[in-house]
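S.K.: prediction below, plus the sequence it came from.
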Amino acid sequence: MIKFYNVKKRESVEIAEKECTKVIYKRKTSKGTQERYAVRAKDDDGTNLTKFVNKATYDKLSCPAGK
């Protein structure tokens, strides 16, 4: 289970790891390319949830990689 914060409900929710996808956001900066690691999911009320994690946590997750 991964804990997310749902802004609409204003509370923390837990989503099963198998229902999540992990993504890497890349952007160009003046110093090179920055990579941010995140986990995405959708709550039961349809809210998109995103949680940024460090690379070590990202590598440990067994959820499928997304776009």
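M.R.: Perfect, I can see it now. Numbering: from 1, shown residues only.
S.K.: state the distance from T57 to E17.
M.R.: Per Cβ to Cβ, to the nearest Å, T57 is found 12 Å from E17. Bear in mind the C-beta positions are built from the backbone N, C-alpha and C, glycine included.
S.K.: what about the closest residue to K28 other than its chain neighbours, helix or strand, and which?
M.R.: Distance criterion Cβ to Cβ, 6 or more residues apart in numbering; nearest residue to K28, sequence neighbours excluded, is Q34 at 7.7 Å. Taking DSSP states H and E as the definition, one finds Q34 inside strand 32-42.
S.K.: ok now that strand, how far from the chain's centre?
M.R.: A distance of 7 Å separates the centroid of the chain from that of strand 32-42, by Cα atoms, centre = their mean, to the nearest Å.
S.K.: if you count contacts, what does it end up packed against?
M.R.: strand 2-6, strand 21-29, strand 48-53, helix 55-60 (3 or more Cβ pairs under 8 Å, 6 or more residues apart in numbering; DSSP states H and E).
S.K.: at 6 Å what do you get?
M.R.: In terms of contacts (3 or more Cβ pairs under 6 Å, 6 or more residues apart in numbering; DSSP states H and E), strand 32-42 is packed against strand 21-29, strand 48-53.
S.K.: winner for burial among the ones you listed?
M.R.: Counting by mean count of other Cβ atoms under 10 Å, strand 48-53 has the highest mean neighbour count of the helices and strands packed on strand 32-42, with a mean of 14.
S.K.: so what touches that one?
M.R.: 4, 36-43 (Cβ atoms under 6 Å, 6 or more residues apart in numbering).
S.K.: got the angle between that strand and strand 2-6?
M.R.: Put simply, strand 48-53 runs at 130 degrees to strand 2-6, going by axes from the mean of the first three to the mean of the last three Cα atoms, to 10 degrees.
S.K.: pull up the pairing partners for strand 48-53, direction included.
M.R.: strand 32-42 (antiparallel) (DSSP bridges).
S.K.: ok, residues contacting the partner strand?
M.R.: Taking Cβ under 6 Å, 6+ apart as the rule, strand 32-42 contacts 2, 15, 19-27, 48-53, 55, 58.
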